[in-house]
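In: 3D model of this:
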Amino acid sequence: MAKAIHLMIRVLDESRSVAFYGEAFGLKVADRLDFEGFTLVYLSNSESGFELELTVNKGRTEPYSLGDGYGHFAVSVSDVEAEHARLTAAGLAPRKVVDFQNNGLRVAKFFFVADPDGYQIEVLQRAGRFM
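Out: Predicted structure coming up:
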């Protein structure tokens with residue numbers, strides 16, 4: 001069986017992205033591999049063995065086009081309202097909390113926040129299938 005180990009995104013500014021993911025989600029640099037034309041930065045925390053890989057292409061000055069396909073990275077938290085308040089206080093501008101229901105039953109309670117490159121991160125209440 002395959003095991004998911006990381007998700008890679010391309011970022012323009014390494015320090016800005018590392019600071020954002022540290023402040024927003026407590027992700028710290030687990031490894032950093034520097035190559036001639038690019039740098040790979042692996043971020044993780046003690047909650048999971050899954051990592052976020054930041055690829056920084058050296059010499060890149062223009063922001064990446066994220067396209068029109070909607071995609072996102074998701075994390076779960078024990079208190080979505082508290083996390084929303086914390087990210088708001090930190091000036092990270094999370095979108096509103098959504099109580100997503102189907103036939104009167106909660107599917108998920110969540111909000112989105114964008115990273116410095118415009119990638120969307122879904123922050124879900126830890127419950128049901130989102131443990």
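In: where does pLDDT dip in the chain?
Out: 2 (pLDDT under 70).
In: which helix in it has the most residues?
Out: Of all the elements of type helix in the chain, the one with the most residues (DSSP state H) is helix 14-25.
In: what residues are up against residue 31?
Out: With contacts defined as CB atoms under 8 Å, 6 or more residues apart in numbering, residue 31 is in contact with 40, 41, 42. To be clear about C-beta, it is placed using only N, CA and C from the backbone, and glycine gets the same treatment.
In: show me what it is bridged to.
Out: Residue 31 has the following beta-bridge partners by DSSP bridges: residue 42.
In: show me where this protein has its strands.
Out: Assigned by DSSP state E, the chain shows strands spanning 6-10, 28-34, 38-45, 48-57, 73-77, 98-102, 105-114, 120-125.
In: so can I have TSV of those showing distance to residue 86?
Out: Written out in TSV, the entries for these read as follows (distance: least, CB to CB, whole Å):
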stretch	distance to residue 86
strand 6-10	23
strand 28-34	17
strand 38-45	15
strand 48-57	19
strand 73-77	10
strand 98-102	18
strand 105-114	11
strand 120-125	10
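In: give the residue farthest from the middle of the chain.
Out: What lies farthest from the middle of the chain is residue 103; by CA atoms, centre = their mean that is 29.5 Å.
In: ok, so what distance separates residue 92 from residue 39?
Out: Computed with CB to CB, to the nearest Å, the distance linking residue 92 and residue 39 is 24 Å.
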